[in-house]
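Participant: Just need the structure, nothing else, for what follows:
(one chain, ligands or ions: 1)
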Amino acid sequence: MSEILLEELDHVGPATAQKLNDAGYNSVEAVAVASPSELVATAEIGESTAAKIISAARSAADIGGFETGDFVMQRRMEVGKLRTGCEEFDELMGGGIETQSITEMYGEFGSGKTQIAHQLAVNTQLPKEMGGLDGSVIIIDTENTFRPERIEHMVAGLSHKFEQDFDPAEFLKNIHVARAYNSNHQILLVDAATEMANKLKNTDKPVRLVIVDSLTAHFRAEYVGRGTLADRQQKLNKHLHDLQRFGDLNNASVIVTNQVMSKPDAFFGDPTRPIGGHILGHTATFRLYIRKSKGDKRIVKLVDSPCLPDGEAVACITTDGLCDA
Ligand SMILES: Nc1ncnc2c1ncn2[C@@H]1O[C@H](COP(=O)(O)OP(=O)(O)OP(=O)(O)O)[C@@H](O)[C@H]1O
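Facilitator: Model (predicted):
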């Protein structure tokens, strides 16, 4: 990320910098990739000023351009796989949840998205030979669903599974949780996450997982009605790009949850369509549709992945956490 502040750009005075900040454009990069009409609408500045600001931001920003295939290959070779605790689920994902990718879990209320997210927050901390990423975790919690007790249960579950004494307190110490109070706050927390990740970068527990649970709840509550759809998608899109960048820079997995509409008759179209619609579909690299089955069983369906066949896995959610059915 560039060290240059917005107010240091040509054509940006303190008042405009403040407006841009309030609208969620808090870095030179964010402005550089915005469109003039976006800035006009959100920061209340004229079209020609907007264009000048964007052009200044583009010259100043540290925006990645082209890179050679061997470099891309090298980065791909560093991709880690985070095991879920359920073998069938891991197989479905080609060995586990990938780092440097966004994995979206969508499903109805109570389908188990938050439970799986908790389990991944625990597993990430395990050493690689146990299926973890030897890292720490950042959770952006939008609905107050993080439960430290569940982490304790799941760590106890791992102790049974690996016949080894894991200390739940140690696991809790490596999970950094922030409540997001609205969508703008949620977007800003990715910057805070970047700061945290930079701090932990050279420790023995660098950040290897970021969870946004729920990705879409605030956006859905704040942008109501068809007229606001474009704005909502634009903001969500920016947020997802920030998250993807975070994943790339930190070799971290990004998990986002998304509730699907549960009252089919109240909406148009397929009731199981996730809320973010098209933009989310194209940005999330792996999309998992989670649904409840009999008892504690859950069906995990992989939907359009770039390099894996679509398919389904059955997993169980128990007090000890996620396990084989
Ligand atoms: N301690 C536990 N032991 C066993 N199962 C549990 C436990 N806690 C929660 N569950 C299971 O997880 C379900 C809740 O799942 P979860 O909160 O992950 O849903 P969600 O998909 O995140 O829903 P929402 O969209 O409302 O956030 C419960 O209905 C229950 O079946």
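Participant: Let's verify the closest residue to the ligand within the stretch 151-300 of the chain: helix, strand, or coil?
Facilitator: Nearest residue of the stretch 151-300 of the chain to the ligand: Gln259, at 4.2 Å (Cβ to the nearest ligand atom). For the C-beta atoms, the positions are set from N, CA and C on the backbone; glycine is no exception. At Gln259 the chain is in strand, as set by DSSP: H, G, I helix; E, B strand; the rest coil.
Participant: for the chain, where's the lowest mean pLDDT among helices and strands?
Facilitator: helix 277-283 (a mean of 59; mean pLDDT, DSSP states H and E).
Participant: which residues are in contact with stretch 27-35?
Facilitator: Stretch 27-35 has contacts (Cβ atoms under 8 Å, 6 or more residues apart in numbering) with 1-2, 4-6, 9, 20, 24-25, 39, 53-54, 57-58, 60-63, 191, 238, 241-242.
Participant: for that stretch, which positions count as buried?
Facilitator: Residues of stretch 27-35 classed as buried by neighbour count (16 or more other Cβ atoms under 10 Å): 27-32, 34.
Participant: from the residues you listed, which ones fall inside helices?
Facilitator: 28-32 (DSSP state H).
Participant: thinking again about what came up before, quick check: what element follows the least confident helix or strand of the chain along the chain?
Facilitator: Elements were assigned by DSSP states H and E; along the chain past helix 277-283, the next helix or strand is strand 286-292.
Participant: buried sites along that following strand?
Facilitator: If you call a residue buried by 16+ other Cβ under 10 Å, then strand 286-292 has these buried ones: 286-292.
Participant: which one of the buried residues of stretch 27-35 is nearest the ligand?
Facilitator: Using Cβ to the nearest ligand atom, the buried residues of stretch 27-35 come closest to the ligand at Ala30, 28.6 Å.
Participant: Distance of that closest one relative to Thr16?
Facilitator: Distance, Ala30 to Thr16, using Cβ to Cβ, to the nearest Å: 14 Å.
Participant: do Leu188 as well
Facilitator: For Leu188, the distance to Thr16 - Cβ to Cβ - is 18 Å.
Participant: Quick check: closest non-adjacent residue to Asp231.
Facilitator: Of all residues not flanking Asp231 in the chain, Tyr223 sits nearest, at 6.1 Å (Cβ to Cβ, 6 or more residues apart in numbering).
Participant: helices or strands next to the helix or strand hosting Thr16 in the packing?
Facilitator: Per DSSP H and E: Thr16 is located in helix 14-22. Using 3 or more Cβ pairs under 8 Å, 6 or more residues apart in numbering; DSSP states H and E, the elements in contact with helix 14-22 are helix 36-43.
Participant: If you count neighbours, what's buried in the helix it packs on?
Facilitator: Quick answer for helix 36-43 (16+ other Cβ under 10 Å): 36, 38-40, 42-43.
Participant: Output the helix or strand that that helix is followed by in PDB, but only the C-alpha positions, please.
Facilitator: Downstream of helix 36-43, the next assigned helix or strand under DSSP H and E is helix 47-60. Output of helix 47-60 as PDB, limited to C-alpha atoms (Å, rounded to 0.1, in the frame of the first residue of the first chain):
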ATOM      1  CA  GLU A  47     -16.800  15.500 -12.500                       C
ATOM      2  CA  SER A  48     -13.700  17.300 -13.700                       C
ATOM      3  CA  THR A  49     -12.200  17.500 -10.200                       C
ATOM      4  CA  ALA A  50     -12.900  13.800  -9.800                       C
ATOM      5  CA  ALA A  51     -11.100  12.900 -13.000                       C
ATOM      6  CA  LYS A  52      -8.100  15.000 -12.000                       C
ATOM      7  CA  ILE A  53      -8.000  13.400  -8.500                       C
ATOM      8  CA  ILE A  54      -8.200   9.900 -10.000                       C
ATOM      9  CA  SER A  55      -5.400  10.700 -12.400                       C
ATOM     10  CA  ALA A  56      -3.200  12.100  -9.600                       C
ATOM     11  CA  ALA A  57      -4.000   9.000  -7.500                       C
ATOM     12  CA  ARG A  58      -3.000   6.700 -10.400                       C
ATOM     13  CA  SER A  59       0.300   8.300 -10.800                       C
ATOM     14  CA  ALA A  60       1.000   8.200  -7.000                       C
END
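Participant: can you list the residues that contact helix 47-60?
Facilitator: Counting by Cβ under 8 Å, 6+ apart, 2, 4, 8-12, 16, 28-29, 31-32, 34-37, 39-40, 43, 45 sit against helix 47-60.
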